Structure formats: structure tokens, C-alpha cells
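**Student:** Kindly generate the corresponding structure for this input.
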Amino acid sequence: QLQLVESGGGLVHIGGSLRLSCEASGDTVDDYAIGWFRQAPGKAREAVSCIASEATYYEDSVKGRFTASRDGAKNMVYLQMNNLKPEDTGLYFCAASFALGSSWRIAAKYGHWGRGTQVIVAS
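**Tutor:** Numbering: from 1, shown residues only. From the prediction side, this is the model:
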């Protein structure tokens, strides 16, 4: 069974960068659409990006700043985050689904989740 482990979070100042990693095991990450979600304290989990076979999707608030990529040879997926803002603070999760299409923002469509990595953007 597919297992996911996130890493790469941390404390960064406004305008800084982080690269999150999502390490997959138990199955081939290339067979899945991989989504990135985040959850700020007291707020609902929200979709940030999804890298699928047909396209890569981004929430409007991160377009032009975040880039998702995958390395099938390493069974890894990444989220490069640049020009970070305080509103990017949250616990970031990667999640996997076999088929999403236009539903990439819906958390319930993903059957496999990591435990998250914390991102804090401070002024």
C-alpha cells in the first residue's frame, strides 16, 4: 500500500523559499495524481496544487510562486515554494489519488495521505 512522508517544512521569513518533499513507498508515485494541501490553525484544509498525468494544477493564491514536480526514479514529489507570505503558513500534506480530473481540490478524492510538515512564514 502506498505510504507518503512529507519533509522540508520550517520557519522562513516573508519572501523566502522552501522546497517540500513527499517521499512515496509501497507503490509507484507515477501511477497517482499527487496533491498538496495545507491547513492553517482554525481553518479548513485547502488544496494548493496537484500534479497529475494530464496537467499540473495550482490554487490561484499560489500561482507563479509554487511549482510542483515529481521524480519517478526517486519516487518523490516536490513542491517548490517561493516568495512566501504569512498566509502560506500551515501544515502541508501530500496526498495521492488514482483519478481526479477536475476534482483535484476535493480532499475526499484522495485515498492516501502523509502526516504533514509544518511551514511557518514570519515577518
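**Student:** Please tell me the pLDDT value assigned to the residue nearest in space to the middle of the chain.
**Tutor:** The residue lying closest to the centre of the chain (C-alpha atoms, centre = their mean) is Trp36, at 2.3 Å. Here the pLDDT value assigned to Trp36 is 98.
**Student:** contacting residues around it?
**Tutor:** With contacts defined as C-beta atoms under 8 Å, 6 or more residues apart in numbering, Trp36 is in contact with 20, 22, 47-50, 66, 68, 79, 92-95. Every C-beta, even on glycine, is put in place using the N, C-alpha and C of the backbone.
**Student:** so which pair among those residues is furthest apart in space?
**Tutor:** Phe66 and Ala95 (15.7 Å; C-beta to C-beta).
**Student:** Settle it for me: which of the two has more neighbours?
**Tutor:** Of the pair Phe66 and Ala95, Ala95 is the one with more neighbours under other C-beta atoms under 10 Å, namely 23 against 20.
**Student:** so which helix or strand takes in that one?
**Tutor:** strand 90-97 (DSSP states H and E).
**Student:** Just give the strands next to that strand in its sheet, each with its orientation.
**Tutor:** Counting by DSSP bridges, the strands paired with strand 90-97 are strand 33-39 (antiparallel), strand 112-113 (antiparallel), strand 117-122 (antiparallel).
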